[in-house]
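*Asks:* Sequence first, predicted model second:
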Amino acid sequence: MKTVMMIVHSLISAGLIYMVLQQMSKFAELGGAFGSGSLHTIFGRKKGLDTSGKITLWLSIAFFISSVLTAFFMSR
């Protein structure tokens, strides 16, 4: 079970890293490098998340759960 959890945790973390890097390319302007993101506030706040944002959200939740489960199984 330890090996299965390590593989699942590794796959989730690789997917999460990929999705975060994909979203960072949206804010690749000079202001985005400093955390500004003011482009989206000029025309009003965006409502909700797009598809990649939802995938990133669910991968982060799965990463948190996977971290706890992996730690539990590794300690046994």
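*Replies:* Okay, I see it.

*Asks:* what does the longest helix seen in the chain contact?
*Replies:* Using DSSP state H to assign secondary structure, the helix with the most residues in the chain is helix 51-75. When contacts are defined by CB atoms under 8 Å, 6 or more residues apart in numbering, helix 51-75 is touched by residues 1-2, 5-6, 8-9, 12-13, 15-16, 19-20, 22-23, 49. To be clear about C-beta, it is placed using only N, CA and C from the backbone, and glycine gets the same treatment.

*Asks:* Let's verify Leu49: helix, strand, or coil?
*Replies:* Leu49 carries the three-state label coil when classified by DSSP: H, G, I helix; E, B strand; the rest coil.

*Asks:* Just give me the neighbour total for it.
*Replies:* Counted with other CB atoms under 10 Å, the neighbours of Leu49 add up to 11.

*Asks:* Nearest residue to it in space, please, no chain neighbours.
*Replies:* If you skip the residues right next to it in sequence, Leu49 has Leu57 as its closest partner in space, 6.7 Å away by CB to CB, 6 or more residues apart in numbering.

*Asks:* Which pLDDT value belongs to the one you found?
*Replies:* On the pLDDT scale, Leu57 is placed at 93.

*Asks:* Quick one: neighbours of it, just the number.
*Replies:* Residue crowding around Leu57 was assessed by other CB under 10 Å; the count is 12.

*Asks:* Kindly provide the distance from it to Phe64.
*Replies:* As defined by CB to CB, to the nearest Å, Leu57 lies at a distance of 11 Å from Phe64.

*Asks:* Likewise for Ser75?
*Replies:* The separation that Ser75 has from Phe64, given CB to CB, amounts to 17 Å.

*Asks:* which of these two has more neighbours?
*Replies:* Applying other CB under 10 Å to Ser75 and Phe64 shows that Phe64 carries more neighbours, namely 11 against 7.

*Asks:* Please tell me how far the more buried one sits from Ser25.
*Replies:* Distance from Phe64 to Ser25, by CB to CB: 24 Å.
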